[in-house]
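Q: sequence and predicted structure, then a few things I'm wondering about:
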Amino acid sequence: MITPLPQPEPNADSRPYWSAASEGRLLIRACKACGAKHFMPRHLCPECWSDQLEWVDSAGRGTVHSFSIVHRAPTPEFAAGTPYVIAMVDLDEGPRMFANVIGEGALAVAIGDRVRVTFEERGDGMKMPQFTREA
Ligand SMILES: [Zn+2]
């Protein structure tokens, strides 16, 4: 039996992010005070400590900063998917985020590859932002 992959667990801070993901949109945080954009929901701007933050849409395109190919799954749920790619992706807007590189040719990923966001179904309408390599 293949165990389903875990679903995201939204909390008060991350709920807008996951709601948008379920609609096929990638959100990032932007600071209204200094303009910095960042990834990972939080209350304060990591650049200027302002609490005047908003959600903005990312175009969902970026470059692979680094990656690792996982052959030994950390939990049983991921075993069926091995080997798979976990990558640090630098979004064109600036923020760096972790995600899987999935789809055709994923295991041939290289640092510097251009990637585009895609949304992996996780059941109950939940979707996980992941990336695919651009041709
Ligand atoms: Zn700021």
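A: That came through, no problem.

Q: alpha carbons only for contacts and neighbour counts from here, please
A: OK.

Q: ends of stretch 71-89, how far apart?
A: From its first residue to its last, stretch 71-89 covers 20 Å (Cα to Cα, to the nearest Å).

Q: quick one: mean pLDDT over that stretch.
A: Averaging pLDDT along stretch 71-89 gives 94.

Q: in it, which residues are buried?
A: 78-79, 84-89 (16 or more other Cα atoms under 10 Å).

Q: same check, this time on stretch 90-103
A: For stretch 90-103, the neighbour count (16+ other Cα under 10 Å) marks 90-91, 93, 95-102 as buried.

Q: out of the buried residues of stretch 71-89, the closest to Arg25 would be?
A: Val89 (16.4 Å; Cα to Cα).

Q: for whatever helix or strand the closest one lives in, which strands pair with it and how are they oriented?
A: With elements taken from DSSP states H and E, the one containing Val89 is strand 84-91. Note on strand 84-91: by DSSP bridges, its sheet partners are strand 61-70 (antiparallel), strand 96-101 (antiparallel).

Q: list the contacts of that strand.
A: With Cα atoms under 8 Å, 6 or more residues apart in numbering as the test, strand 84-91 has contacts from 58, 60-71, 96-102, 106-107.

Q: what's the distance between it and the middle of its chain?
A: Distance of strand 84-91 from the chain centroid (Cα atoms, centre = their mean, to the nearest Å) equals 8 Å.

Q: where in the protein is pLDDT low?
A: Along the chain, the model assigns pLDDT under 70 to residues 1-3.

Q: near the ion, which residues of this structure are found?
A: For the chain, the contact set with the ion under Cα under 5 Å from the ion comprises 31, 34, 45, 47-48.

Q: how about the closest residue in space to Gly105 that isn't next to it in sequence, phi and psi?
A: Leaving aside its chain neighbours, Gly105 sits nearest to Arg133 (7.4 Å; criterion: Cα to Cα, 6 or more residues apart in numbering). Torsion angles at Arg133 (phi, psi; degrees, to the nearest 10) stand at phi -70, psi 140.

Q: contact partners for Arg133?
A: Contacts of Arg133 by Cα under 8 Å, 6+ apart are 101-106, 109, 113-116.
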